[in-house]
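Undergrad: predicted structure and sequence below. I'll ask about it afterward.
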Amino acid sequence: MSKLLILTAPSGAGKTTVVRHLLKTRNDLAFSISATTRAMRPHETEGKDYYFISPEKFRDLIAKDEFVEWEEVYTNQFYGTLKDEINRLWGMGKHIIFDIDVKGALNLKRIFPDNSLAIFVKPPSKEILFERLRQRKTETEESLKKRLARAEEELSYQNKFDHILVNDVLERALKEAEEVVAAFLSV
Ligand code: 5GP
């Protein structure tokens, strides 16, 4: 049976690195490409990192009930998992790995309680998380402020997850992620 690996974290905790590592080390996983209305960043590719769509198109997909879950992660920035995307990856016979916000992760866990593992990637401290976000420099001052506020709130949900992965020393965290995922997929 195909399973779902749901990775979440406050923005800046290093979740994307963990997701990429798992995809590199296992060929039975496929990444769930979300739809989003935010602007494409340099180095991102349409249809690989996200499906970049207009707010109108996003609203239309909501109205047609095409999403498994969606969230307005930041004001006027919508992100969602399409039912078609899940079906596409299941059709390939893969387990699906999600890089998704905390509320979306809890929603997926609720929808697929029996075959999902929800992992919360946690920064070693709030201070380190905030510093990482500041150093990212892909954000405007306004957008950075929104991300800091959201990160603070997201940290408060950590105990609702199946596994908390502390991202202190990256190599160690990646190894732990491999082990937790291997154990979950082997049963
Ligand atoms: P970013 O703009 O940095 O790529 O992503 C912002 C946040 O949106 C991240 O926490 C990311 O995991 C989350 N996100 C990405 N795709 C989805 C999705 O399909 N649904 C939800 N709920 N959150 C998502």
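TA: Arrived safely, thanks for sending. Numbering: from 1, shown residues only.
Undergrad: any part of the strand or helix carrying Leu23 near the ligand?
TA: Per DSSP states H and E, Leu23 falls inside helix 15-25. No: using Cβ under 6 Å from any ligand atom, helix 15-25 never reaches the ligand; the gap is at least 6.7 Å. All C-beta spots, glycine's among them, are computed from the backbone N, C-alpha and C.
Undergrad: ditto for stretch 102-117
TA: Yes: Stretch 102-117 reaches the ligand (Cβ under 6 Å from any ligand atom) through Gly104.
Undergrad: re the thing from before, report all helices and strands that the following helix or strand past the helix holding Leu23 contacts.
TA: Downstream of helix 15-25, the first helix or strand assigned by DSSP H and E is strand 29-31. For strand 29-31, the elements it packs on are helix 15-25, strand 95-99, judged by 3 or more Cβ pairs under 8 Å, 6 or more residues apart in numbering; DSSP states H and E.
Undergrad: okay if I get these as TSV plus mean neighbour count?
TA: Compiled in TSV, the helices and strands packed on strand 29-31 are given as follows (neighbours: other Cβ atoms under 10 Å):
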stretch	mean neighbour count
helix 15-25	17
strand 95-99	23
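Undergrad: indicate which one of those is closest to Leu82.
TA: Judged by Cβ to Cβ, the one of the helices and strands packed on strand 29-31 that comes nearest to Leu82 is strand 95-99, at 12.0 Å.
Undergrad: can I get that closest one in CSV, CA atoms only?
TA: Provided in CSV are the C-alpha atoms of strand 95-99 (Å, rounded to 0.1, in the frame of the first residue of the first chain):
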residue,chain,number,x,y,z
HIS,A,95,5.0,6.6,-1.5
ILE,A,96,4.3,10.3,-1.4
ILE,A,97,6.4,12.9,0.5
PHE,A,98,4.8,16.2,1.3
ASP,A,99,6.5,19.5,2.2
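Undergrad: which strands and helices lie in contact with that strand?
TA: Using 3+ Cβ pairs under 8 Å, 6+ apart, strand 95-99 sits against strand 4-8, helix 15-25, strand 29-31, helix 83-91, helix 102-111.
Undergrad: what lies in contact with the third one?
TA: Spelled out, that is strand 29-31. Leu5, Val19, Leu22, Leu23, Leu89, Met92, Lys94, His95, Ile96, Ile97, Asp99 (Cβ atoms under 8 Å, 6 or more residues apart in numbering).
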